[in-house]
Every structure is written in structure tokens, then in C-alpha cells.
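Participant: heads up, no residue letters with this:
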């Protein structure tokens, strides 16, 4: 006769083995974790609290484990809102649909305020090195007295699959198949679930620029993960060279007089091509900046980029040198406004361009007004020529654009969009469906720096009030 003790042990073993698509069911995880989590120190987060999450990693599970925990310094000016801060790595599947294909470690930074407050999940579009800065913060967390969970995007900085295990792999030979928004959304979902073991407050997703689009994508794939999403200045482009940015810059940024000032400055740089090329070559050598194209081509692309960069970062036309200014003054302002290193062969943000070529899209340039003065015959296909490792070819998939557009038009999720009126990225913002659960706040004359805190007072107060109502915060 089989004993009750044997049957109980058998049932427990079977429970641990139950899984769906490689992801263990919650009952088996709770069984393994044991007693319910209780903070070691109710007033702060400590290492043992973070390690508690590892109780939920099943013995045969290759992903989900937290390692390499390091306590980070917090600026004295922020100790009232950040009581402790940690950087750690969490093991993630390279392919969430097939965890058996391998794993990589993803960097996460947690800035802790309290166990009862909301949790602000930063859906970074790039790296997370900024989180290690003692002065690092995030406005929604500070506004609402919450915790910050910053997640480095896969393929950036310290979170690059394959390269972590094989030092012979280069950017040119790296397998980019898993650099997708869907895979990153699954990364965020795993981290949200892991941190939810110890942080019980409501969750808010938010990101800036590419991180803003990442916020939209994450919310689309996992709408139940968060109570509210706040994408800042997030573009949703429909092609590698979308086509909407150029007319926006031509007709909608600043005033007609402002646009004329910028055009005249661009023309002046081109008319002084010989001296500008020489100064650009010297500047590049001094700053150790290299390119995949020639200096004359770099100059042309900098001229094309000038109005985009100018409005993106909210500069004022009153600062633009007059066309009769010295070569030195013209070049100094030109370099400051454009940043020729944007066109360099590779830097920490360059993995973005691979994803832009695959599914995020980007912008083109209008060369017609400058054709007489330029060395390049066309700017078409510049993304691959200038930015992609080894000139790699990627087929663009418009599905992400279609899916996000449809999601925003039909979702019940609470989403607050923040944009700047004159930011070129606003030309490819999603359409406002006019539903109560979707709010758009567009800063008048604003740039890519638009945030809740720098909206006009009435608009800012409405945004904060809406957030608190959505989160049921008094």
C-alpha cells in the first residue's frame, strides 16, 4: 500500500516539473520559494532581499538567476528619495521562444525608495551605464515616491548576447537575429515578474526616445504587467527612411524666419567647403573619431543633419552665427550643434542602427536644395553605408509599426504620451485615438527634452493629476 507521505512527495515533484513553453507555473515556483517574502529591513533594500528572487529559479532552469550584485553610491542630494541602489545581472534566454538555445546576462539597476510605493520600470532603448551615476534619477519615481528599475536593452554595453561568452566575435560577425522588440519585451517581462516577488506596489513602464518606443512595445506585448505606461518622445517609424521627417522640418519647426536662418547657415557651410573640410579633418583627428565614409561626405551629411539636430535638442536661432561670421565661429557652432561624431564608424549606441534597419525605422534627408554644393549624389541608403557593421544588409519588417499603431488605437491600457512640438521625432508619433485611457501632452515649442516637469504649469499639473488618478494615489 502506498503511503500518504510518498504520494505527497510525488505530487510535489510533479508540481515542480510542470511548465508551459519552458516557463514554470506560479504554483511550482511558490512551492519552491517557501515562506512568503519579508523584507530584511522594512526601511531599505538589502542584498539578501534581492537574492530572495533566486528561490523562484527551478533547479533545471538556465535563466532567471540574479548574480553579481553590487551596491552603488547615491548622491547625498538624493538620499531622501533613494535609500539604496544596486546593480546586478539577471540571466535571460537569448531566444525567449527557445530558452534551450542559450542565455546572456542583462544589466539591471534598482534605486530603492520604499516597499509600498509604485515601481517605475525604465524600458531603456540603449545602455544602462547612466544608472551607476550617483545622481541618477527619474522624474516619475521622484514625483510619486517610487522605486526605479532600470533595464539595459539587450545588445548594448554589458548586455550583449554571444559576445559575453566568445571574445572572438566582432560587431561584424555578431548574430543579430535576436535584436528585436519582442525579445526585449520578454526580457522586461521576466524582470518585472522577478522584481514583483519583492516589490508589491503598482508598476509603471516608462522610457525616453527609443526607450519610449520600447515602452509602447512592452505594454503591447504584456499589457497586464503594468498599471500605467508613460513613453516620452517615442517615435513609431514605418520605413528605414520614413519620409515624414523631411516635410516636418521644412514646414513645421519654429517660424518661417527660423527655418530661413538655418537654411542660410547650411548654405554658408557648403560655400566654405574647402576650409570646412580641412577643419573637420583636423577636428576628427584630434578627437580620434573615424568614419566609414570620406571627410567630404561627412561634411555633407552633417549639413543635412544640422536642422534635425538643431530642433531635436531645442536650440534657439538667436545663437546661430551670422553668415558673415569668421570660419572659426561658423565651424565651432556647426560642430557643437551637429556633433560629427554622430556619424562615426561605431560607438556604444550603434546597435540601435541595426534595430532601426530591421524594424524600428529611421529618417531620410532632403538633398534637393543643396545638390549644387554637395559631393554626395544621393543620401538614399545612408544608414547601411554609414552605420551598419560591415555594411550588413537587413530586411525591414513593417509589422512592428502596424502592430503598435493598431494597439494604441484599440487598447484599454492607460498610456500617457509626452512630446515636444518642434522635435522632429514628433512627426512620427502615434495618432491620438481620443480615448479616455490615452493622453497626449505636447510641449509648445518643445524638443526631444520634453518631460512632465518642463511642461507648461497647467499641462504639467494635469499630467500629474492624471497619473495619480490612474494609479489611485491620493
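Facilitator: Now that the structure is in, tell me what you want to look at. No experiment lies behind these values; they were computed from the predicted model shown. Numbering: from 1, shown residues only.
Participant: Just say helix, strand or coil for the nearest residue to residue 375 once chain neighbours are set aside.
Facilitator: What sits nearest to residue 375 in space, not counting adjacent residues and going by C-beta to C-beta, 6 or more residues apart in numbering, is residue 296, at 4.3 Å. In short, each C-beta sits where N, CA and C put it, glycine included. Classification of residue 296 by DSSP: H, G, I helix; E, B strand; the rest coil places it in helix.
Participant: my read: residue 384 touches residue 392, true?
Facilitator: Yes: taking C-beta atoms under 8 Å as the definition, residue 384 is a contact partner of residue 392 at 7.4 Å.
Participant: Which stretches in the stretch 1-150 of the chain count as helices?
Facilitator: 4-17, 26-33, 47-51, 139-144 (DSSP state H, counting those that start in this stretch).
Participant: If you average pLDDT over each of those helices, which is lowest?
Facilitator: Note on these: lowest mean pLDDT is at helix 4-17, with a mean of 43.
Participant: so where's the stretch 51-200 of the chain shaky on pLDDT?
Facilitator: Judged against pLDDT under 70, the stretch 51-200 of the chain has no low-scoring part.
Participant: Could I get the full set of strands for it?
Facilitator: Assigned by DSSP state E, counting those that start in this stretch, the strands in the stretch 51-200 of the chain fall at 66-71, 84-93, 103-112, 119-123, 147-151.
Participant: what's near enough to touch residue 88?
Facilitator: Neighbouring residues of residue 88 by C-beta atoms under 8 Å, 6 or more residues apart in numbering: 50, 66-70, 107-108, 110.
Participant: Now it. Nearest residue, chain neighbours left out?
Facilitator: Residue nearest to residue 88 in three dimensions, not counting chain neighbours: residue 69, with 4.4 Å by C-beta to C-beta, 6+ apart.
Participant: check contacts around that neighbour.
Facilitator: 47, 50-51, 86-88.
Participant: Closest one to residue 443 out of these, please.
Facilitator: Nearest to residue 443 among those is residue 87, at 32.3 Å by C-beta to C-beta.
Participant: so how far is residue 49 from that closest one?
Facilitator: Distance of residue 87 to residue 49, given as C-beta to C-beta, to the nearest Å: 15 Å.
Participant: just residue 416 next, same as before
Facilitator: Residue 416 sits at a distance of 30 Å from residue 49 (criterion: C-beta to C-beta).
Participant: ok, back up a step: and the contacts of residue 69, which two are the farthest apart?
Facilitator: The widest separation within the contacts of residue 69 (C-beta to C-beta) is 14.3 Å, between 51 and 87.
Participant: Between these two, which is the more surrounded one?
Facilitator: Ranked by neighbour count (other C-beta atoms under 10 Å), residue 51 and residue 87 place residue 87 first, with 20 against 15.
Participant: Nearest residue to residue 192 in space, please, no chain neighbours.
Facilitator: Residue 192's closest residue in space is residue 225 (C-beta to C-beta, 6+ apart), at 4.9 Å.
Participant: Counting neighbours, what do you get for residue 453?
Facilitator: 12.
Participant: Need the nearest residue in space to it, chain neighbours excluded.
Facilitator: residue 139 (5.3 Å).
Participant: and that neighbour, what is it in contact with?
Facilitator: 451-453.
Participant: how about the residues you listed in TSV, adding secondary structure?
Facilitator: Shown next, in TSV, are the contacts of residue 139 (three-state DSSP):
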residue	secondary structure
451	coil
452	helix
453	helix
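Participant: State the phi and psi torsions of the residue nearest to residue 192.
Facilitator: phi -70, psi -30 (degrees, to the nearest 10).
Participant: can you pull the contacts of it?
Facilitator: Counted by C-beta under 8 Å, 6+ apart, residue 225 has contacts 188-189, 192-193, 203, 205, 218-219.
Participant: Farthest pair within those?
Facilitator: Maximum distance among the contacts of residue 225 (C-beta to C-beta): 15.3 Å, for 193 and 219.
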